[in-house]
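> how does the following fold in three dimensions:
(chains A and B, ligands or ions: 2)
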Amino acid sequence: MGKILEINGPLVKLELPQTVLGEQVRVGHMGLVGEVIGRDGDTALAQLYEDTAGLRPGEEAEGLGWPLSVELGPGLLGAIFDGVQRPLQAVRDKSGDRIARGVAVPSLPRDRAWHFVPEPALCCGSALAGGHILGYVQETESIQHRILTPPLIHGELIELAPVGDYKLDDVIGRVKLADGRIEKLHLFHRWPVRTTRPYRQRDHAVAPLITGQRILDTFYPLLKGGKAAIPGPFGAGKTMLQQQIARWCNAEIVIYVGCGERGNELTDVLEFMPELKDPHTGRPLMERTLLVANTSNMPVVAREASIYVGITLAEYFRDQGYDVVMVADSTSRWAEALREVAGRLGQMPVEEGYPAYLGSRLAAFYERAGRVETFSGDHGSVTLIGAVSPPGGDFSEPVTSHTKEIIQTFWALSKELADARHYPAVDWLDSFSGYVGSAAKWWAENVDPGWESARAEALDLLAASEELQRIVNLVGVEALSSEQRWTLEAAGLIKEGLLQQSATDEVDSFASPEKQFALLAALLEIFRQGMKLVKLGAPARRLLQMPLLAQARRWKSQHASADIAALKAKIAAIPDAFEQLLQEYELTAAASARGGS
Amino acid sequence: MKNIEFRTATSAQGGLVVMGGVPGVAAGSRVQLRDHAGRVRSGLVIRAADDAVLVEVFEGTDELDLERTWVRFLDEPFKLPVSRDILGRVFNGSGLPRDGRPPIISADRRDVNGEPLNPAARAYPREFIQTGISAIDGMNSLTRGQKLPIFSGGGLPHNRVAAQIVRQSKLLGEEASEFVVVFAAFGASHADARFFQESFEESGVLNKVVMFLNLADEPVIERLLTPRAALTAAEYLAFDLDYHVLVVMTDMTAYAEALREVAVLRGDVPARKGYPGYLYSDLAEIYERAGRIKNRRGSITLIPVLSMPSDDITHPIPDLTGYITEGQIVLGRELANQGVYPPVTVLPSLSRLMKDGIGKNFTREDHPHVASQLFASYAKALEVRGLAAIIGAEELSDADRRTLAFADAFERDFIGQGEDEDRSVHETLSIAWDLLSMLPPETLIRVSEEELAKYHKGQAK
Ligand SMILES: Nc1ncnc2c1ncn2[C@@H]1O[C@H](COP(=O)(O)OP(=O)(O)OP(=O)(O)O)[C@@H](O)[C@H]1O
Ligand SMILES: [Mg+2]
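Residues are numbered from 1 along each chain as shown, chains lettered A, B, ... in the order given. Ligands and ions are numbered 1, 2, ... in the order given. The predicted structure is shown next:
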């Protein structure tokens, strides 16, 4: 038993010999929990996950003997946890609307029984290793929880429970380890959050994560097992985009980490998720979702931990063979929490107060994403999508610039687009994706072989229009040739008819890959038809009067993904809209050709 | 311990006092200092060890004589006594009366720091509040339980706008009587404080207002306490007495500057512009106290006012605020100079909760689309205005000229309105359609074809 020597904000100095860095401590009469972050002889420095007001020097302190760990087992899905995995619903039942300090509630419910079906291939004497599947619990209608042997265990199974209902604390099996010790197995196990969970080997990411958002899927794709960042100033739409991904993406498990952001945003997720149906399985989205919340008014120390809690939960489902997406909103708040700890430890700040190891910590965190082969021979993945909140919207600040080096897909949000309410405000010039090649293969096989070239054509058009816009801003639109004006118009059509996609539009909130491609192909077809006319000598002015241009901008909201046939019919009719003009100008072109000869 | 006076101050500087040899003092505990002249000041323990205790003194440490300073540790955090009687009262920044009336006597005393609301206990704000101001109701509407700051600058009429919001706010189809106001001013001038007091008086709501005032010439450190005391009162009114509380706080910049002052004294590592790295979390502790709670009737809607140093929205104070609040109403100098009141610059303004509080079941079905269209058309029009400034208005095409006329009319008739003009949301929408009707219907793609047919005046029905 040790004691408190000094309290300074979230930091307490303890007399606690023989502790190790990272060890959990319980401190004072309220039993506040924290972790050791420094040691000097017999004194240890610990930071507490809760407010320290009311603690006094001289109160007791004890080391708990383990690092910050999470409980992994049935009962995770649909839950909301705080930054150190306390279940917030249960905390509410116990301490009311406000989070009282020192409330101790187990992370997973102990009183609930789960129907367990043992893995048929296992029997007594089977060789068992960490990550092997022991059996199954149908946790929600859509998700089967695969009960895993805790990592690092190697031995011989000597007993496995038969089919039946078990609680978390019930022993469901025993294994004899190499050294002869017997280890009991439960429906759950613990894992330290700062340690990557082991897997058999890394795999190539192959399939795109379909989010239903055109600017993402069609233009800057992300793969299952990939890493992406969404930087943007306040109000640009980071949270909305992450929520859209959490709603519509084709992952099997979604982990939503609210790290230092608003309480209402989590309430929002908690309210809409149970009501919405997974477009891929038809089941309520909440069945595949779990939330980790350390809102901005909750203690900062737990904020630093929350990201690791989230990623460990993600790895656990990956190890069961699932494709998991974790969205973290916002990694900047995590970095700031790191900065605070570093500051209190008196570590030398290098840029904007951040410690020198900011970049390596960020890289190590994102490195936990990936697609792997699990110990049971399945494939699972963790896709990581982090929001970044740069001060003043300046992308050259440390967190954004380090992140940019690490990730493969960069969805840059622009203040100008957001101000004009062009959502998602993903900047089509500043964003990038290193996964286009792999995605192209998937699109070619599953949607249309023309995807890659259509995507490139649209991006070229957008880039060209940016140039033209600069000219227009200097000398006015009248200075442009008809060809240039048409290019500008077609780019506008792409922006409004394709890139803009409101999350609040019921029809268009999610667009299937087929719808995405159909729209893209349609708008490009309009562009080409018009260009043909302009080349025949038609003035852009005539083209700009075509009602088709206003109509095509509305197609996205008129045809749901299930209703592609009607959209395709409209596309087939595009040439008809140009027919009359075409005839007219083909005639004049022919006449002038004759006249000229 | 409460009753012992210690005379062991070993040093004092800029609001901080170090006490030696007082073992077992609780962190965060309230402190009373009595100086040689018998004046009592209050403070807070910010660092506790057996051999040295660091105390932050709210009234400052000026004229403290270490040998003749007696200190008592009250062994509890800063608390505010609450009862129904706080309505109609005026307090100083630490909750003591400044209206010459007796102090609030109540057994119910609340820790001004509050406790974080469990996200699982929140109810999402969805009810539209009509402020009667078109730029807000039409394009950046406020919902009950939202935190929506006003970003302003020196010399801009943010106080008048805030007062107008307080006067006119109501829920559609509901008695205005459930509303009460908590007003907190820190670093404000006497003139500002008087302006608000008179404005509340005129609209006859004074008996429904609780004021917490820490004025510009009053102790800086007390500013750290003022918003917390005010929000403690607001929480009591909202969640114990079921009131819908509108909290107006001004000026958050003065608050953040006070925080910086103390941080420097404490020796905290600065992040940007000398502000401590924890400015974000500290502001969040304040702003996040707004909201609604499941199964409770009341609500706290928070309107902090802040002046942007040099009108710079990327300055840490507006920037971090914007990262925490649910949008912002930005006032602009350009519009103000053109004589537009309220000078709301709509493009950088935003209400994040608008999408859930307007439309079919709340205001009118076309409202979300109209708002989106106004943003798009006005953004486009500003581009044209920029172009006109370069090439001259004569060179513009007819279409561009129409767009320009739209921008002018929009600023004059939609954004601009009287200080006493209380527009219903229907009036606001009808002005919006008048303006949109200046533009060709085929350019209005954010509204539906049905809406165009129904409301666009240039379209045959
Ligand atoms: N895809 C979208 N569709 C429709 N509206 C959107 C979209 N993205 C953003 N918005 C609008 O922009 C507002 C701000 O978005 P959001 O809260 O996601 O910003 P943010 O980047 O997360 O800001 P902060 O950094 O302050 O958290 C939303 O409330 C919504 O009104
Ligand atoms: Mg956000």
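> any idea which element the closest residue to ligand 2 within chain B lies in?
Proximity of chain B to ligand 2 (CB to the ion) peaks at residue B:323, 7.6 Å away. Quick note: C-beta positions are derived from backbone N, CA and C, even for glycine. Secondary structure from DSSP states H and E places residue B:323 in helix B:316-324.
> other SSEs contacting that helix?
Where contact means 3 or more CB pairs under 8 Å, 6 or more residues apart in numbering or on different chains; DSSP states H and E, helix B:316-324 is packed against strand B:150-152, helix B:252-266, helix B:279-287, strand B:299-307, strand B:327-330.
> in the longest one, what counts as buried?
Right, the one you point to is helix B:252-266. Under the neighbour-count criterion of 16 or more other CB atoms under 10 Å in any protein chain shown, helix B:252-266 has B:252-263, B:266 buried.
> what packs against the lengthiest helix in chain A?
Criterion DSSP state H: the longest helix present in chain A is helix A:451-475. Packing partners of helix A:451-475 (3+ CB pairs under 8 Å, 6+ apart): helix A:436-446, helix A:482-494, helix A:513-535, helix B:367-391.
> just the CA trace of the shortest one, in PDB.
This means helix A:436-446. Output in PDB follows, covering the C-alpha atoms of helix A:436-446 (Å, rounded to 0.1, in the frame of the first residue of the first chain):
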ATOM      1  CA  VAL A 436      -7.100   3.600 -56.900                       C
ATOM      2  CA  GLY A 437      -5.300   0.700 -58.700                       C
ATOM      3  CA  SER A 438      -6.700  -2.000 -56.400                       C
ATOM      4  CA  ALA A 439     -10.200  -0.400 -56.300                       C
ATOM      5  CA  ALA A 440     -10.200  -0.200 -60.100                       C
ATOM      6  CA  LYS A 441      -9.900  -4.000 -60.300                       C
ATOM      7  CA  TRP A 442     -12.900  -4.400 -58.000                       C
ATOM      8  CA  TRP A 443     -15.000  -1.900 -59.900                       C
ATOM      9  CA  ALA A 444     -14.100  -3.500 -63.200                       C
ATOM     10  CA  GLU A 445     -15.100  -6.900 -62.000                       C
ATOM     11  CA  ASN A 446     -18.200  -6.000 -60.100                       C
END
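> for burial, what's the neighbour tally of the closest residue to residue A:126 other than its chain neighbours?
Using CB to CB, 6 or more residues apart in numbering or on different chains and skipping residues adjacent in sequence, the residue nearest residue A:126 is residue A:157, 4.6 Å away. The number of residues packed near residue A:157 is 20, by other CB atoms under 10 Å in any protein chain shown.
> secondary structure element for residue A:157?
In the assignment (DSSP H and E), residue A:157 maps to strand A:154-160.
> tell me which residues of the next helix or strand after that strand are tucked away?
The helix or strand immediately downstream of strand A:154-160 is strand A:164-167, counting by DSSP H and E. For strand A:164-167, a neighbour-count test (16+ other CB under 10 Å) marks residue A:166 as buried.
> ok, the helix holding residue B:323 near ligand 1 or not?
Yes. Helix B:316-324 is in contact with ligand 1 by CB under 6 Å from any ligand atom, via B:322-323.
> tell me the average confidence for that helix?
The average pLDDT within helix B:316-324 is 95.
> what's the answer for stretch B:396-414, then?
Across stretch B:396-414, the average pLDDT comes to 92.
> where does pLDDT dip in the stretch 101-250 of chain B?
Along the stretch 101-250 of chain B, segments meeting pLDDT under 70 span B:173-177.
> same thing with the stretch 351-461 of chain B?
Applying pLDDT under 70 to the stretch 351-461 of chain B picks out residues B:459-461.
> ok, back up a step: TSV for the helices and strands packed on helix A:451-475, including distance to ligand 2 and mean neighbour count?
Shown next, in TSV, are those (distance: least, CB to the ion, whole Å; neighbours: other CB atoms under 10 Å in any protein chain shown):
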stretch	distance to ligand 2	mean neighbour count
helix A:436-446	27	16
helix A:482-494	27	21
helix A:513-535	25	21
helix B:367-391	19	20
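> what is the residue nearest to residue A:126 paired to in the beta sheet?
Judged by DSSP bridges, the bridge partners of residue A:157 are residue A:175.
> next, count neighbours for the residue nearest to residue B:9 when sequence neighbours are not counted.
Once flanking residues are discounted, residue B:9 sits nearest to residue B:66: 4.5 Å by CB to CB, 6+ apart. The number of residues packed near residue B:66 is 14, by other CB under 10 Å.
> try the one 3 residues further on
When neighbours are counted by other CB under 10 Å, residue B:69 registers 22.
> quick one: average pLDDT of the strand or helix carrying residue A:588?
Using DSSP H and E, residue A:588 falls within helix A:574-596. Throughout helix A:574-596, pLDDT has a mean value of 84.
> now it and helix A:513-535, what's the angle there?
If you take axes from the mean of the first three to the mean of the last three CA atoms, to 10 degrees, helix A:574-596 sits at 20 degrees to helix A:513-535.
> domain parsing of the chain, as residue ranges.
Because you didn't say which chain, this covers chain A. Using automatic domain parsing, the domains assigned to chain A come out as A:2-68, A:109-187, A:203-441, A:451-596.
> wait, I meant chain B there
If you go by automatic domain parsing, chain B breaks into B:5-76, B:80-355, B:367-455.
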